[in-house]
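K.L.:
3D, please:
(4 chains)
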There are 2 protein chains.
Amino acid sequence: MKVADKHGRIIQAAIKVFARNGFFNSRIAEIAKEANVADGTIYLYFNNKYDILITIFEEEMGKIIASVKQELATTDNPCEKLEIFAFQHLSLVEKNKDLAEIIQVELRQSSKFMKEYRNRKFAEYLQIISNIVKEGQEKGLFRKDVMPGIFKRAFFGALDEMSRFWVLSPKKKYGVKTAAKQISHFFLNGILEQPCPTKTKTKKRKIKRTKSARK
Amino acid sequence: MKVADKHGRIIQAAIKVFARNGFFNSRIAEIAKEANVADGTIYLYFNNKYDILITIFEEEMGKIIASVKQELATTDNPCEKLEIFAFQHLSLVEKNKDLAEIIQVELRQSSKFMKEYRNRKFAEYLQIISNIVKEGQEKGLFRKDVMPGIFKRAFFGALDEMSRFWVLSPKKKYGVKTAAKQISHFFLNGILEQPCPTKTKTKKRKIKRTKSARK
DNA sequence: AATATCTGAATGAATACACATTCATTTTTC
DNA sequence: GAAAAATGAATGTGTATTCATTCAGATATT
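P.N.:
Sure thing, here's the model as predicted:
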């Protein structure tokens, strides 16, 4: 009907449909309809249903990583980098809600193969964060006892959970900018106004495991 | 063969099987086999396959929330509470890997109904965190500009991502205790050793958006 | 206490159906 | 008018669910 680029039309349709129903509850027929294409046409461009999902991931994830890396190159201040990362991540999610939902939700399960494949791509993404941390440590800005391997997961996880909130509930209570600022600020400066009351490492080892409360 | 409690046997079997294959790729027959029960028997205890998933969630999530709340009651120091929460959360995940995987992975998708239901339960869980924050703010320990609604998600997200790491890769590079300490420490104290180079709010607005690098 | 009758939990083979995939036919392109 | 692209009805498969049947134990009958 239109011009062409069936491939692209199918991908876009699939993103929409998968996001709406979930992968397993999506019908090929529905994707075909959404793309204004016959059922069979899809099989001229993809091997099977699962192949569509993989392709979505492959084609889109690369763009994201590249785009984030590019933005980060605008500064060499690790603190700023963290905030930029947060902002970029959240912005991308906001701009591509359906895609974000698929990556977050649908790709979690799926076969062993996909899990491993996905993990490789994600490892690359997470490494951007740990590299920032290492850079900050070398420059004497960040504490040396911070473990980059844990930090990257914590930081990403914080952003990811914030995204989920947006993906699932359309009404955003907080803007992207606010969220990015808050989150990077938590991680950089912590939330303490003043030192906490002594960590009670000395006494008070009174765990008192209640043995009652059975069943 | 054994005694009985078919209900419990089926639930435990389903947790194992769902975790192994994912909900949609799990066969009722496989669950039946794992539970040493005939296929049909499952339908004496559950309405359908989906009902098993819901029951898993309902029966197990309550226990978790209760258990965390109980542990928190052992102190009234908000800082400690955060660390306890982190430790409890991660410990529970470690002790119930299969269950954790199901809650993390399988329940994300699933029907609208489940999504909403799940969210209600999770809201309760997340609120534990925001309550700690508010308490800390009232006591003058935490900064007032920290938004509890963002913090709870960030903190939970950090833990959740850390868990995923454990759930998916069996070899733990970091122990529960280390991870809990690090994460709560990030959030309480931040990762800064010394103030970052001026946030460039004044001069140096040299963002220099590279217009090259096209495609 | 031996035998007959009942009960409902458990079984698993048979059913029913949804849907991914195929392919003979039609339409478009050059 | 040949080749390529697209179609969508028909096919085949996989599996959730059903239900007629079994059978172990309880209860009643002699």
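K.L.:
what's the helix or strand of chain A with the lowest mean pLDDT packed up against?
P.N.:
For chain A, using mean pLDDT, DSSP states H and E, the weakest element among its helices and strands is helix A:112-138, scoring a mean of 84. Packing partners of helix A:112-138 (3 or more C-beta pairs under 8 Å, 6 or more residues apart in numbering or on different chains; DSSP states H and E): helix A:49-72, helix A:78-95, helix A:148-168. Backbone N, C-alpha and C define where each C-beta goes, glycine included.
K.L.:
mind listing what's buried in that helix?
P.N.:
Residues of helix A:112-138 classed as buried: A:114, A:117-118, A:121, A:125-126, A:128-130, A:132-137 (neighbour count, 16 or more other C-beta atoms under 10 Å in any protein chain shown).
K.L.:
so how far is that helix off the chain centroid?
P.N.:
With C-alpha atoms, centre = their mean, to the nearest Å as the basis, helix A:112-138 stands 12 Å off its chain's centre.
K.L.:
what's the answer for stretch A:66-81, then?
P.N.:
17 Å.
K.L.:
that stretch and chain B, are they touching?
P.N.:
Yes: residues of stretch A:66-81 contacting chain B under C-beta under 8 Å from any C-beta of the partner chain: A:70, A:73-74, A:77-80.
K.L.:
closest to DNA strand D out of those?
P.N.:
Lowest distance from DNA strand D to those (C-beta to the nearest atom of the strand) belongs to A:Gln70, with 34.0 Å.
K.L.:
contact partners for the residue positioned nearest the centre of chain A?
P.N.:
Centroid check for chain A by C-alpha atoms, centre = their mean gives A:Asp160 as the closest residue, at 4.5 Å. Going by C-beta atoms under 8 Å, 6 or more residues apart in numbering or on different chains, A:Asp160 touches A:104, B:157, B:161.
K.L.:
ok, of those, which one's closest to B:Leu168?
P.N.:
Top of the list for closeness to B:Leu168, among the contacts of A:Asp160 and by C-beta to C-beta, is B:Glu161 at 10.9 Å.
K.L.:
mind putting the helices and strands packed on helix A:112-138 into CSV with distance to DNA strand C?
P.N.:
Formatted as CSV, the helices and strands packed on helix A:112-138 follow (distance: least, C-beta to the nearest atom of the strand, whole Å):
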stretch, distance to DNA strand C
helix A:49-72, 4
helix A:78-95, 27
helix A:148-168, 23
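K.L.:
looking at those, which is buried most?
P.N.:
With neighbours taken as mean count of other C-beta atoms under 10 Å in any protein chain shown, these reach their highest mean count in helix A:148-168, at a mean of 23.
K.L.:
looking at the next helix-or-strand element following that helix now, give me its mean pLDDT.
P.N.:
Per DSSP states H and E, helix A:148-168 leads on to helix A:176-189 as the next helix or strand towards the C-terminus. For helix A:176-189, mean pLDDT is 93.
K.L.:
check whether helix A:176-189 comes near chain B.
P.N.:
Yes: for helix A:176-189 and chain B, the contact criterion (C-beta under 8 Å from any C-beta) is met by A:178-179, A:182-183, A:186-189.
K.L.:
tell me the phi and psi of A:Asn47?
P.N.:
Main-chain torsions, A:Asn47, degrees, to the nearest 10: phi -70, psi -40.
K.L.:
follow-up on the earlier one: hmm, which two among the residues of stretch A:66-81 next to chain B are most spread apart?
P.N.:
Farthest-apart pair in those is A:Gln70 and A:Cys79; separation 19.0 Å (C-beta to C-beta).
K.L.:
what pLDDT is listed against A:Lys211?
P.N.:
Per-residue pLDDT puts A:Lys211 at 41.
K.L.:
of the buried residues of helix A:112-138, which is the nearest to DNA strand C?
P.N.:
Proximity of those to DNA strand C (C-beta to the nearest atom of the strand) peaks at A:Met114, which lies at 14.7 Å.
K.L.:
where does chain A dip in pLDDT?
P.N.:
A:1-3, A:109-116, A:170, A:198-215 (pLDDT under 70).
K.L.:
who in it is up against DNA strand C?
P.N.:
A:25-29, A:39-40, A:43, A:48-50 (C-beta under 7 Å from any atom of the strand).
K.L.:
again, only using 6 Å
P.N.:
Residues of chain A lying close to DNA strand C by C-beta under 6 Å from any atom of the strand are A:27-29, A:39-40, A:43, A:48-49.
K.L.:
in TSV, list these along with secondary structure.
P.N.:
Formatted as TSV, these follow (DSSP: H, G, I helix; E, B strand; the rest coil):
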residue	secondary structure
A:Arg27	coil
A:Ile28	helix
A:Ala29	helix
A:Asp39	helix
A:Gly40	helix
A:Tyr43	helix
A:Asn48	coil
A:Lys49	helix
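K.L.:
just want the residue of chain A that's nearest DNA strand D.
P.N.:
For chain A, C-beta to the nearest atom of the strand, closest residue to DNA strand D: A:Gly40, 1.7 Å.
K.L.:
and the gap between that residue and A:Ile28?
P.N.:
Distance of A:Gly40 to A:Ile28, given as C-beta to C-beta, to the nearest Å: 10 Å.
K.L.:
more neighbours, the two?
P.N.:
Between A:Gly40 and A:Ile28, counted using other C-beta atoms under 10 Å in any protein chain shown, the more crowded position is A:Ile28 (17 against 9).
K.L.:
isn't the more buried one right up against A:Ile42?
P.N.:
Yes: checked against C-beta atoms under 8 Å, the pair A:Ile28 and A:Ile42 is within contact range at 6.1 Å.
K.L.:
got the domain ranges for chain A?
P.N.:
Domain assignment for chain A by automatic domain parsing gives A:1-46, A:56-189.
K.L.:
can you list the residues of chain A near DNA strand D?
P.N.:
So chain A meets DNA strand D at A:4, A:6, A:37-41, A:44 (C-beta under 6 Å from any atom of the strand).
K.L.:
out of those residues, which is nearest to A:Val167?
P.N.:
A:Val37 (26.9 Å).
K.L.:
which strand or helix spans the closest one?
P.N.:
Per DSSP H and E, A:Val37 falls between elements, in no helix or strand.
K.L.:
hang on, isn't it packed against A:Arg9?
P.N.:
Yes: if you go by C-beta under 8 Å, A:Val37 and A:Arg9 touch, sitting 6.7 Å apart.
K.L.:
hang on, the earlier thing: as TSV, the residues of helix A:176-189 next to chain B with distance to B:Lys16 would be great.
P.N.:
Shown next, in TSV, are the residues of helix A:176-189 next to chain B (distance: C-beta to C-beta, whole Å):
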residue	distance to B:Lys16
A:Thr178	43
A:Ala179	38
A:Gln182	40
A:Ile183	36
A:Phe186	37
A:Phe187	37
A:Leu188	42
A:Asn189	44
